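>>> Next comes the sequence, and after it the predicted model I'd like to discuss.
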Amino acid sequence: MKTKNDYFYSKRGLTYYAFLLWTFSLALWFTGCNDDDGYPEVDGQNPVLALTTSHIQSGVGRTIMIEGSVSDKDGISAIRLECEDLHLDKTINLIEIYEKPLETYDLSYKFNIQRDETGEQFTIKITVTDVGGRAVTENLLVTMDGDFEKPLFTLAPDKNVTVLIKVETKFNLRFSISDDRALDYVTIAIPGIDGFDPLRLEANGKNTFDYAEKLTLPNVEQVYTVTITAVDKMGNESVANSAISVSEMPDFQKMYLADVATVEELNSDVFGVPMLIERTGAYQYKANYYNQQSGTKIFFLPQKSDFSPICFGLDPEDNSKLTDDPETAKPIVLDQANIYYEITFDILNSTYSIKTYPIAEAINPIPHKYGSTSLDTWGDGGSWLQEFYFGYMTSNPREVERFTQDKTNPNLFYLEEPLFLEAGTRMNFVIHNWHSDGWWNYCTWRVDNSDEPEVFGYYGKEAKYTNPAWTKPDHVGDNWAKPVVNTTGNYKLIFDAHLERAKLVPAK
């Protein structure tokens with residue numbers, strides 16, 4: 001006969017059995033699940049990660065793309081990208097982004113390598129985890145030996161060059177090329193010149209290449225096309241083309257003043273060297289120039305990149321005359337400091353004359369004393385500008401980098417701090433007045449040609465807003481200066497408001 005206690009223990013046993021059964025069922029349920037969120041297991045396999053590449057060649061300051069395809073039938077939970085040396089630690093949480101796990105995902109993640117990075121190679125660890133906690137990891141090698149830049153002509157003949165017919169007509173073909181990695185070869189083609197066959201010159205992996213050869217040309221009027229092609233080890237290619245005109249002395253539409261001593265200095269500027277001067281008539285030119293130091297040596301050139309094939313300087317046999325021969329020409333020496341020179345010359349008759357005028361007579365269009373305050377800008381008794389400055393402007397007058405005015409010559413301005421510019425950068429700026437409210441075009445200088453600025457002309461102003469003595473008409477359009485920088489470095493911007501000339505040259 002069962003007692004009450006027997007019944008109690010029997011019931012407790014059934015209860016315990018039911019508890020075990022429930023626990024077992026729950027265990028079976030969780031065994032068939034991937035995580036606490038209840039995602040059902042499909043195949044229980046590891047995720048599959050297929051990177052587009054296992055090696056990226058890059059460089060400092062460049063953006064890399066981490067790409068690949070990811071798949072997992074159970075569902076991808078997250079992707080983590082790690083590289084301590086690059087300060088990269090990124091988790092792409094797919095469930096958080098898409099509110100569910102994904103079976104497939106195209107990985108495409110941009111990452112910028114800092115410009116101050118000094119390492120040579122890095123390993124990025126890419127880990128894919130599914131909803132069941134299963135993970136797979138692949139390594140991506142990143143090396144800093146990428147080659148993305150084309151070879152650069154640091155010296156090349158101008159697009160149009162004139163060679164004068166002489167007893168022996170010669171053209172000094174010279175050029176220099178640099179590459180950020182390694183040059184492969186250079187080719188030169190000049191159809192039409194007897195005895196000059198197309199050349200292929202091996203660069204042997206060097207990162208610079210120089211070439212110079214004197215070519216003898218027929219004493220007849222003719223135009224030859226020079227094509228120079230530079231190719232680096234990655235197949236990046238740059239081409240320089242030049243039309244070489246053999247003729248008697250032409251009436252050059254442009255003439256330049258060179259106040260530097262070397263070909264390298266002629267070509268190291270972003271703009272402004274050599275300086276464009278004025279053509280006053282057929283074969284006649286006038287150069288106005290501010291001389292800061294005694295002993296400045298100058299020449300006049302019809303081409304911008306070289307002292308050859310034509311260079312106007314003093315005839316060594318008769319200093320009252322000019323010669324066009326770059327091998328014999330002597331410089332004109334400006335021996336007075338802190339004064340403006342005006343030099344006129346005639347290249348057909350080889351004559352020239354020089355005079356000077358003081359800074360006080362060198363007028364400019366600036367409407368107010370630089371740095372003055374409380375101005376009656378519009379001549380109506382009001383005061384719109386709290387202080388009057390101008391300088392380098394890339395966006396709007398609130399963000400003008402103010403010029404420093406030279407203590408000796410109030411026409412001369414420059415940026416105190418150099419501009420750091422990277423190779424390949426296309427600039428975009430004008431010279432403009434500063435204003436806290438952003439008033440536009442009160443006092444501004446624009447350029448003659450955006451890509452190759454040579455004149456910074458005072459732009460679009462009524463006479464009442466300028467110095468009344470300034471009578472030059474507007475001679476530039478609404479053109480911002482947009483030259484391309486060839487070489488990375490620090491540059492000094494110098495501007496002469498009297499001459500309407502600016503130059504951007506390497507800072508020393």
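Great, that's in hand.
>>> ok, now how distant is the residue nearest to H87 when sequence neighbours are not counted from R62?
Spatial nearest neighbour of H87, chain neighbours left out: Q114 (7.9 Å); criterion: C-beta to C-beta, 6 or more residues apart in numbering. Backbone N, C-alpha and C define where each C-beta goes, glycine included. Distance, Q114 to R62, by C-beta to C-beta, to the nearest Å: 10 Å.
>>> higher neighbour count, the two?
It is R62, of Q114 and R62, that has more neighbours when counted by other C-beta atoms under 10 Å, with 16 against 10.
>>> In this structure that one contacts D147, no?
No. Counting by C-beta atoms under 8 Å, R62 sits too far from D147 to count as a contact (11.2 Å).
>>> Quick check: buried residues in the strand ranked longest in the chain?
Under DSSP state E, the strand in the chain containing the largest number of residues is strand 63-83. Neighbour counts over strand 63-83 (16 or more other C-beta atoms under 10 Å) mark 64, 66-68, 70, 72, 74-81, 83 as buried.
>>> What strands line up against the next helix-or-strand element following that strand, and which way round?
Note on strand 63-83: by DSSP states H and E, the next helix or strand toward the C-terminus is strand 88-93. The pairing partners recorded for strand 88-93 under DSSP bridges are strand 63-83 (antiparallel).
>>> How far away from the center of its chain is the partner strand?
Its chain's C-alpha centre and that of strand 63-83 lie 35 Å apart, by C-alpha atoms, centre = their mean, to the nearest Å.
>>> Report the mean per-residue pLDDT for that strand.
Mean pLDDT, strand 63-83: 96.
>>> how close does Y352 sit to P506?
Plainly put, Y352 is 31 Å away from P506 if you go by C-beta to C-beta.
>>> Then T262?
To P506, T262 is 12 Å away according to C-beta to C-beta.
>>> out of Y352 and P506, which sits in the more crowded spot?
Each of Y352 and P506 has its neighbours counted (other C-beta under 10 Å); Y352 has more, 19 against 15.
>>> packing partners for the host helix or strand of the more buried one?
Per DSSP H and E, Y352 falls inside strand 351-357. Packing partners of strand 351-357 (3 or more C-beta pairs under 8 Å, 6 or more residues apart in numbering; DSSP states H and E): strand 318-323, strand 339-346.
>>> could these go into CSV alongside mean pLDDT?
Listed next are the helices and strands packed on strand 351-357 as CSV, based on pLDDT from 0 to 100:
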stretch, mean pLDDT
strand 318-323, 97
strand 339-346, 98
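>>> Save the ones you listed as a markdown table, and put in distance to N207 and mean neighbour count too.
Output for these, formatted as a markdown table (distance: least, C-beta to C-beta, whole Å; neighbours: other C-beta atoms under 10 Å):
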| stretch | distance to N207 | mean neighbour count |
| --- | --- | --- |
| strand 318-323 | 38 | 14 |
| strand 339-346 | 41 | 18 |
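>>> Which one of those lies nearest to K166?
Closest approach to K166 among those (C-beta to C-beta): strand 318-323, 11.8 Å.
>>> Now whichever helix or strand comes after that closest one: buried residues?
Next along the chain after strand 318-323, taking DSSP H and E as the criterion, comes strand 332-334. Buried residues in strand 332-334, counting neighbours by 16+ other C-beta under 10 Å, are found at 332, 334.
>>> cool, stretch 412-427 as well?
With burial defined by 16+ other C-beta under 10 Å, the residues of stretch 412-427 counted as buried are 412-415, 418-419, 421, 427.
>>> cool, stretch 235-254 as well?
Residues of stretch 235-254 classed as buried by neighbour count (16+ other C-beta under 10 Å): 236, 238, 240, 242, 244, 246, 252.
>>> could those residues go into CSV alongside pLDDT and secondary structure?
Formatted as CSV, the buried residues of stretch 235-254 follow (pLDDT from 0 to 100; DSSP: H, G, I helix; E, B strand; the rest coil):
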residue, pLDDT, secondary structure
N236, 94, coil
S238, 96, strand
A240, 97, strand
S242, 97, strand
I244, 96, strand
V246, 97, strand
F252, 97, coil
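>>> Would you mind measuring from the residue minimising distance to the centre of the chain to E149?
In the chain, the residue lying closest to the centroid (C-alpha atoms, centre = their mean) is T425, at 1.7 Å. T425 sits 13 Å away from E149, taking C-beta to C-beta as the criterion.
>>> Quick check: what element follows the worst-scoring helix or strand of the chain on mean pLDDT along the chain?
Every helix and strand of the chain was ranked by mean pLDDT, DSSP states H and E. The lowest is helix 4-31, at a mean of 41. Heading C-terminal from helix 4-31, the first helix or strand you meet, by DSSP H and E, is strand 48-51.
>>> which helices and strands does that next one pack with?
Using 3+ C-beta pairs under 8 Å, 6+ apart, strand 48-51 sits against strand 63-83, strand 121-130, strand 135-143.
>>> Of those strands, which is nearest V476?
Nearest to V476, of all the helices and strands packed on strand 48-51, is strand 63-83, at 37.1 Å by C-beta to C-beta.
>>> quick one, the closest one and strand 135-143 angle?
If you take axes from the mean of the first three to the mean of the last three C-alpha atoms, to 10 degrees, strand 63-83 sits at 130 degrees to strand 135-143.
>>> between strand 63-83 and strand 121-130, how big is the angle?
Counting by the same axes, to 10 degrees, strand 63-83 points 70 degrees away from the direction of strand 121-130.
>>> what separates the closest residue in space to L499 that isn't next to it in sequence from I431, distance-wise?
Nearest residue to L499, sequence neighbours excluded (C-beta to C-beta, 6+ apart): N288, at 5.8 Å. Distance of N288 to I431, given as C-beta to C-beta: 19 Å.
>>> got it, and P483?
Distance, P483 to I431, by C-beta to C-beta: 14 Å.
>>> Look at those two and report which has more neighbours.
Per other C-beta under 10 Å, whichever of P483 and I431 has more neighbours is I431, with 25 against 22.
>>> Let me see the ranges of the helices in the stretch 251-400 of the chain.
Shown for the stretch 251-400 of the chain, the helices assigned by DSSP state H, counting those that start in this stretch span residues 263-267.
>>> so where do the strands sit in it?
With DSSP state E, counting those that start in this stretch, the ranges of strands along the stretch 251-400 of the chain come out as 256-258, 275-276, 278-281, 284-291, 296-301, 313-315, 318-323, 332-334, 339-346, 351-357, 373-375, 385-387, 390-393.
>>> of all the ones you listed, which lies closest to D451?
Across the strands of the stretch 251-400 of the chain, closest to D451 is strand 275-276 (C-beta to C-beta), at 14.5 Å.
>>> The closest one pairs with which strands, and in what direction?
strand 256-258 (antiparallel).
>>> returning to that earlier point: look up how far E500 lies from the residue nearest to L499.
From N288 to E500 the distance is 10 Å (C-beta to C-beta).
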